[in-house]
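[1] Give the three-dimensional model of this entry:
(chains A and B)
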Amino acid sequence: MIYALLLIPAIAAVLSLIVRGDVFRRTILILASVCHTIITITAWNKDAKPLLNGWLMLDKPGLLFLTITSILFLTCSFYAFGYLAGESGRRKQDFEEGAFLTNEPEAIFCACLLAFLTTMTFVTISQHLGLMWVAMEATTLASAPLIYFHHHHRSLEATWKYLLICSVGIALALLGNFFMVIAASVPESNDKSMILSSLVQQGQLLNGPWLKAAFLFFLVGYGTKMGLAPLHTWLPDAHSESPSVVSALMSGALLNCAFLGILRSYQVCLAAGLGQFCQNLFVLFGLISIGWAALFILGQPDYKRMLAYSSVEHMGILALGVGIGAGATFGAMLHAVNHSLTKAMLFLAAGNILAVYKTKTTKGVSGIMSVMPLTGILWIAGFFAITGIPPFGIFLSEFTIVKSMIEQGKIGIAVAFLAILALIFIGMAIAFLNMAQGRKNDDLKIKGNPDTAIAVLPPLALGVLTLVLGLYVPPVISNLLHDVAVRMGGY
Amino acid sequence: MNNTTDIVMIFLVLTNLTLLGLSRLGTCIRIVAVQGMVLGLLPLLLNGWNLEFHLIFFSVAIITLKGIVFPWMLRKTLRELNTHREIEPFIGYGTSIALGTVIFVICMWLSSRLSLPVATTSTRIVPVAFFTIMSGLFLIISRKKAITQVLGYLVMENGIYIFGVALVEKQPILVELGILLDVFVAVFVMGITMFHINREFNHIDTDRLSRLKV
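    Numbers count the residues shown, from 1 in each chain, chains lettered A, B, ... in the order given. Have a look, this model is predicted:
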């Protein structure tokens, strides 16, 4: 079954390179993602069985992040169907500078999209830390061509920064891997493999200082990819220059996968009794990320960059939640789900806005509500959801995290956290509300109804999901989240 | 045997220092190629020329990729670009070498403070590995040309590899090959991106890639 998860998107990727006919190719994309989601959901009822000597296994944390990835990819593939239809044709005019540009061939785009899904799936199911590293670097390589879909110099610059910064970051994580091996090669241990379960099992035997060093390198290395400030520098560029559907996937799925990488090494550290050391680092990086993001969200002139910085903020919240521990760990896991759904919804809505208004500046957009009412509603709902207003899911998860902070007497952190969230709320409110309301721009030419079903339904579905999670978390999901939280030292 | 390892290590330090002081991109690529070939022999050397199948296989894979394929790909890219020299780097060549020496001393000091739980064949391996990683990072941040940054990435990867080969007994071969494959594709994708950068801008100076800010 695990093999099917890997093989289906991989085969579909090869197929989409071979076949001719754009519609056929897009259908393959959708079919592959539907199959992927169905298999992922059936995995919820089954017990995890280790494969290939335990190298591959779909354990609970893996299952959680795989499900997020799969659902996001499903909605994004439907959205991509409509998006690619609108982008077909070789030459386009660049709306920012007026120069003509060509798009990447659609075959390559679809193939990379599917390869991206394959590699992310690979990250979630690998139990061997070395293998996970290989998969993680592969996600970078598979997604780099996606950022360069519109062939112009801004996307090229973003691609280069993404490639270089992430590759160097992930290379540092490789060093972390080697440190972990050294920590594990103490004479007393009998099983020196890098498989997570055996590392956790003999946690007490591991060499402390080397393990600490290993965790630091994992945190910095995968943290670069996850977008923890101050290592996030590639993120705003890549998210703002790539097509919205790619931004949605990167923000909602890829960053989470990198987070999973850090969590895996955290599991080992917990078993070795280094929990406190790691938690302090998580809190530190978390607060820096949230604060840094707030600075750049206030007065941000570009709405896609604003969403990107908001991702930095939410990755910070994830790290902070795990760092606080106890009940906040559950909150962080719930937050990972909610953030992915909400952020993907916002990016897809931003894609609709971009397609009509042809500008990424917040000033250039006004009156979305009158021009495209459905997208406007999604945009406003997404704004409330992402800033943590009830009844959306993010409110619940942020509330859980803050509650746990107060229970543990960490009042200072709680106050700082809430204050920064308030700042971010103000910064985003100004931009979002001005865009949604007001009179529509006079020189805006609209052909037909811009709110097509294929452009509105995918983000709507994501929005409904996060709304439901805010009102009621089904026991199946909360059990899984608790299960994951227990492994990460909380409950 | 210890002696040979030490000589190889000193050779690696010298290649790093040379890279820091060179402006001709073609020569830089050649030096990285030589470094890659020497690294390919390292697993055999450290295991006392004990010719097991997987060691030989691994050595051959490393030499082919790091010593032949990567340099060939980079040379090919270089030929298509209209550039042959690193002009006006952020940090000059003389200063780079001087800083490189300082970094080396720091690496020596740092590794003398680390206690290794595993036995190594030579005490110079850890500092040299760290120094190679640092040289790579230094090249990435102090040079402007995209191709030098790729070279820096390769040198950094080499350093991590030295560390892995010397201290980590028997990483599973599958993982090793996976890592190599990733680096291979990375260089490949970076090469293509460089080609596009050159076509789009007529230069590969990354400091002029600065439209995206804030």
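
[2] residues near residue 4, how many?
    All of this refers to chain A. Counted with other Cβ atoms under 10 Å in any protein chain shown, the neighbours of residue A:4 add up to 11. All C-beta spots, glycine's among them, are computed from the backbone N, C-alpha and C.

[3] let's do chain B instead
    14.

[4] I'd assumed it was in a helix, is it?
    Yes: according to DSSP: H, G, I helix; E, B strand; the rest coil, residue B:4 belongs to a helix.

[5] is it true that residue A:480 touches residue A:65?
    No: counting by Cβ atoms under 8 Å, residue A:480 does not reach residue A:65; the two are 11.1 Å apart.

[6] So which of the two has more stuff around it?
    residue A:65 (26 against 19).

[7] Quick one: distance of the helix or strand where that one lies to the chain centre.
    Assigning secondary structure by DSSP states H and E places residue A:65 in helix A:60-87. Relative to its chain's centre, helix A:60-87 lies at 11 Å (Cα atoms, centre = their mean, to the nearest Å).

[8] Stretch A:230-250 too?
    10 Å.

[9] Kindly report the same for stretch A:324-337.
    That offset, for stretch A:324-337, works out to 16 Å (Cα atoms, centre = their mean).

[10] mean confidence for it?
    Mean pLDDT, stretch A:324-337: 92.

[11] quick revisit: which other helices and strands contact the helix holding residue A:65?
    When contacts are defined as 3 or more Cβ pairs under 8 Å, 6 or more residues apart in numbering or on different chains; DSSP states H and E, helix A:60-87 sits against helix A:22-42, helix A:106-125, helix A:244-249, helix A:255-271, helix A:327-357, helix A:453-471, helix A:475-487.

[12] got JSON lines for the ones you listed, with distance to residue B:196 too?
    Putting the helices and strands packed on helix A:60-87 into JSON lines (distance: least, Cβ to Cβ, whole Å) gives the following:
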{"stretch": "helix A:22-42", "distance to residue B:196": "23"}
{"stretch": "helix A:106-125", "distance to residue B:196": "13"}
{"stretch": "helix A:244-249", "distance to residue B:196": "17"}
{"stretch": "helix A:255-271", "distance to residue B:196": "26"}
{"stretch": "helix A:327-357", "distance to residue B:196": "23"}
{"stretch": "helix A:453-471", "distance to residue B:196": "30"}
{"stretch": "helix A:475-487", "distance to residue B:196": "41"}
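
[13] wait, which of these is closest to chain B?
    helix A:106-125 (10.3 Å; Cβ to the nearest Cβ).

[14] same for the helix or strand that the closest one is followed by, what does it pack against?
    Following helix A:106-125 in sequence order, the next helix or strand is helix A:129-147 (DSSP H and E). Packing partners of helix A:129-147 (3+ Cβ pairs under 8 Å, 6+ apart): helix A:106-125, helix A:153-184, helix A:208-226, helix A:244-249, helix A:255-271, helix B:173-201.

[15] any idea of the angle helix A:129-147 forms with helix A:60-87?
    If you take axes from the mean of the first three to the mean of the last three Cα atoms, to 10 degrees, helix A:129-147 sits at 20 degrees to helix A:60-87.

[16] sorry, back to before: pipe the helices and strands packed on helix A:60-87 into TSV and attach distance to chain B per row.
    Below are the helices and strands packed on helix A:60-87 laid out as TSV (distance: least, Cβ to the nearest Cβ, whole Å):
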stretch	distance to chain B
helix A:22-42	22
helix A:106-125	10
helix A:244-249	14
helix A:255-271	14
helix A:327-357	16
helix A:453-471	25
helix A:475-487	24
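
[17] between these, which one is nearest to residue A:214?
    Smallest distance to residue A:214 across these (Cβ to Cβ): 6.6 Å, for helix A:255-271.

[18] circling back: okay, buried residues for the helix holding residue A:65 please.
    A:60-84, A:87 (16 or more other Cβ atoms under 10 Å in any protein chain shown).

[19] cool, stretch A:432-446 as well?
    A:432, A:435-436, A:440.

[20] Run through who's touching it.
    Under the contact criterion Cβ atoms under 8 Å, 6 or more residues apart in numbering or on different chains, stretch A:432-446 has outside partners A:303, A:353, A:356-357, A:362, A:364-371, A:376, A:379-380, A:383.

[21] tell me the contacts of the residue lying closest to residue B:137 once chain neighbours are set aside?
    Among residues not flanking residue B:137 along the chain, residue B:156 sits closest, at 5.9 Å (Cβ to Cβ, 6 or more residues apart in numbering or on different chains). Residue B:156 makes contacts with A:168, A:171, B:132-133, B:135-137, B:140, as judged by Cβ under 8 Å, 6+ apart.

[22] redo that, cut-off 7 Å
    A:168, A:171, B:133, B:136-137 (Cβ atoms under 7 Å, 6 or more residues apart in numbering or on different chains).

[23] per-residue confidence for it?
    92.

[24] Report the secondary structure element holding it.
    With DSSP H and E as criterion, residue B:156 is part of helix B:146-167.

[25] Output that helix as PDB, restricted to C-alpha atoms.
    Provided in PDB are the C-alpha atoms of helix B:146-167 (Å, rounded to 0.1, in the frame of the first residue of the first chain):
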ATOM      1  CA  ALA B 146      26.400  31.900  -9.900                       C
ATOM      2  CA  ILE B 147      28.900  29.300 -11.000                       C
ATOM      3  CA  THR B 148      31.300  30.000  -8.200                       C
ATOM      4  CA  GLN B 149      28.400  29.600  -5.800                       C
ATOM      5  CA  VAL B 150      27.600  26.200  -7.300                       C
ATOM      6  CA  LEU B 151      31.300  25.300  -6.800                       C
ATOM      7  CA  GLY B 152      31.000  26.500  -3.200                       C
ATOM      8  CA  TYR B 153      28.100  24.200  -2.700                       C
ATOM      9  CA  LEU B 154      30.100  21.300  -4.200                       C
ATOM     10  CA  VAL B 155      33.000  22.000  -1.900                       C
ATOM     11  CA  MET B 156      30.700  22.200   1.100                       C
ATOM     12  CA  GLU B 157      29.200  18.900   0.100                       C
ATOM     13  CA  ASN B 158      32.700  17.400  -0.200                       C
ATOM     14  CA  GLY B 159      33.500  18.500   3.300                       C
ATOM     15  CA  ILE B 160      30.400  16.800   4.700                       C
ATOM     16  CA  TYR B 161      31.300  13.800   2.700                       C
ATOM     17  CA  ILE B 162      34.800  13.700   4.200                       C
ATOM     18  CA  PHE B 163      33.200  13.800   7.600                       C
ATOM     19  CA  GLY B 164      30.800  11.000   6.700                       C
ATOM     20  CA  VAL B 165      33.400   8.700   5.100                       C
ATOM     21  CA  ALA B 166      35.900   9.100   7.900                       C
ATOM     22  CA  LEU B 167      33.700   8.800  10.900                       C
END
